[in-house]
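**Q** what's the 3D shape of this:
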Amino acid sequence: ESVYMRNAYNPKTKRSKHVVICGDLTSTSLDEFFGELFHEDHENVDLNAILLLPSPPTTEIIFLLRDSSFFLNIQYLEGSALIDHDLRRAKAQLAVAIFIMTNKFSEKPDEEDAKSILLNLSIKRYVASFNLPPKLFCLQLIRPQNRKHLGRDAYTSNTSSNSTGCEDLVVCL
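**A** Numbers count the residues shown, from 1 in each chain. Sure, this is the predicted structure:
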């Protein structure tokens, strides 16, 4: 097993907060994403980002993990958001937000949206089992009409609370 499959997120301090990022990062500009996430205007001093992806890190991600601007705040875990053990390693139940990214250039947008929705449902099921305060779920979809698969509330507005108590922020690309 690689070191990324064995690692688990452990907060550095009691004030540490973290977000979990999963899905497809191939079409995401990671420098821009993390530049915005950790921007000093947001006062995210104790914020960490946990990348939970099913394959070993790409060269781009390895360079990002070694970047002096981010290397103390980003941790890579090889695993799946569909598996409870991997969600436990990422401490998804304690995350302040979950980001589910999609490949906006996919040849099969409906399949890509289905993957994102499945990840969303899996993580919500896991988090709901802990009876903790609501989480913010930021979910990217390619086609707006696929919001209907998230439930009625998510279809009628971009931000909604649902039966799990979680809040969805759906961004249609």
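**Q** Which residue, other than its chain neighbours, is closest to Phe105?
**A** Using C-beta to C-beta, 6 or more residues apart in numbering and skipping residues adjacent in sequence, the residue nearest Phe105 is Ser27, 5.1 Å away. Using the backbone N, CA and C atoms, a C-beta is placed for each residue, glycine as well.
**Q** what about stretch 51-71, distance to the chain center?
**A** 14 Å (C-alpha atoms, centre = their mean, to the nearest Å).
**Q** what's the helix or strand for the residue nearest to Phe105?
**A** For Ser27, there is no enclosing helix or strand under DSSP states H and E.
**Q** check contacts around it.
**A** Thr102, Asn103, Lys104, Phe105 (C-beta atoms under 8 Å, 6 or more residues apart in numbering).
**Q** Now intersect those residues with the strands, please.
**A** Residues of the contacts of Ser27 located in strands (DSSP state E): none.
**Q** Out of the residues you listed, give me the one that has the most neighbours.
**A** Thr102 (26 neighbours; other C-beta atoms under 10 Å).
**Q** hang on, isn't that residue packed against Cys138?
**A** No - counting by C-beta atoms under 8 Å, Thr102 stays clear of Cys138, with 11.3 Å between them.
**Q** elements contacting the lengthiest helix in the chain?
**A** What stands out as the longest helix in the chain, according to DSSP state H, is helix 109-128. When contacts are defined as 3 or more C-beta pairs under 8 Å, 6 or more residues apart in numbering; DSSP states H and E, helix 109-128 packs onto strand 17-23, helix 84-89, strand 97-101, strand 136-141.
**Q** Verify the stated contact: Asp95 with Pro133.
**A** One correction, residue 95 is Ala, not Asp. No - in this structure Ala95 lies outside contact range of Pro133 using C-beta under 8 Å: 11.3 Å.
**Q** of the two, who's got more company?
**A** Legend: neighbour count by other C-beta under 10 Å for Ala95 and Pro133, higher for Ala95 (24 against 8).
**Q** tell me the contacts of the more buried one?
**A** Counted by C-beta under 8 Å, 6+ apart, Ala95 has contacts His18, Val19, Val20, Ile50, Lys135.
**Q** same check, this time on His18
**A** Here His18 is in contact with Tyr9, Pro11, Leu47, Asn48, Ala49, Ile50, Lys91, Leu94, Ala95, Val96 (C-beta under 8 Å, 6+ apart).
**Q** The fourth one - that's part of a strand, no?
**A** Yes - the assignment for Asn48 is a strand, going by DSSP: H, G, I helix; E, B strand; the rest coil.
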